[in-house]
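Model the following, please.
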Amino acid sequence: MKTEEIIDLSAKYLREVVGEDLLKYFKPTENISYYKLPANRFGFENTKKLKKNRRIRKNWTKIWVFWNFNYPKVNGVRSGLWVKLNKQLELNEPIELDYIPKFVWEKRASDFISINKVKLIGDKNLTKTEFGRENPKLKFDDKKSEYIYEIWNKKTEEIDLDGKKHGVLEIIKISALTGKVIEITNGYYGKIIIR
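Numbering: from 1, shown residues only. This next block holds a predicted model:
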């Protein structure tokens with residue numbers, strides 16, 4: 001069996017779950033996808049990457065194919081999933097799709113708040129400093145199972161001996177759907193030197 005046959009099979013399973021329309025937003029990733037061989041006498045399971053135009057060994061025990069998801073109409077709506085196959089070439093576990101927003105499934109415009117509104121929420125809630133703040137980034141929060149905007153606001157700035165900047169950050173997380181502030185925490189950026 002060749003790598004391409006495995007990719008095609010995993011695409012078939014993915015298509016069954018997401019449909020033909022959404023499948024176009026997924027791409028298989030060979031440099032991450034792999035298969036496992038039986039454990040040796042020490043219990044170690046060797047893994048082999050799925051590479052183009054290669055036959056896979058006959059004694060494999062499981063195959064995991066990684067698919068990248070990227071929805072081009074909304075910057076930040078992206079993720080990935082594993083299609084996990086057992087020895088019988090059946091799905092080993094359900095395909096996780098929590099990160100696909102409802103508006104994508106329903107083929108309608110995004111219902112996330114605008115970047116401008118996110119910036120205004122940041123202005124209202126973050127400390128004003130001279131060190132700048134990053135543009136909001138949209139990401140999927142696995143724990144909350146929702147999309148959030150995150151803004152990093154630099155509260156302090158120092159320059160180390162190498163001329164690199166570092167300091168304390170204020171990080172705000174905002175619900176992409178409601179605009180509600182989820183949390184504001186502190187963190188660090190740059191090289192951290194513990195004395």
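
Show me what counts as buried in the one helix or strand Leu81 maps to.
Using DSSP states H and E, Leu81 maps to strand 78-85. Buried residues in strand 78-85, counted by 16 or more other CB atoms under 10 Å: Arg78, Ser79, Leu81, Trp82, Val83, Lys84, Leu85. C-beta here means a position set from N, CA and C on the backbone, and glycine is covered the same way.

repeat for stretch 58-76
Within stretch 58-76, the residues that count as buried by 16+ other CB under 10 Å are Trp60, Ile63, Trp64, Val65, Phe66, Trp67, Phe69, Tyr71, Val74, Gly76.

which one among the residues you listed gets closest to Ala109?
Nearest to Ala109 among the buried residues of stretch 58-76: Val74, at 9.4 Å, using CB to CB.

Which residues outside the longest strand seen in the chain are in contact with it?
Taking DSSP state E as the criterion, the chain has its longest strand at strand 26-39. By CB atoms under 8 Å, 6 or more residues apart in numbering, the residues outside strand 26-39 that reach it are 3, 6-7, 10-11, 14, 18, 45-52, 56-57, 59-70, 80.

Please repeat the previous calculation with a cut-off of 7 Å.
Applying CB atoms under 7 Å, 6 or more residues apart in numbering, the contact partners of strand 26-39 are 7, 10, 14, 45-52, 56-57, 59-69.

Parallel or antiparallel, list what pairs with that strand.
strand 45-49 (antiparallel), strand 62-70 (antiparallel) (DSSP bridges).

hmm, who's touching the helix or strand hosting Glu16?
Element membership for Glu16, per DSSP H and E: helix 3-23. For helix 3-23, the surrounding residues in contact (CB under 7 Å, 6+ apart) are 26, 28, 50-52, 54, 56, 63, 65, 67, 83, 85, 89, 91, 95, 97.
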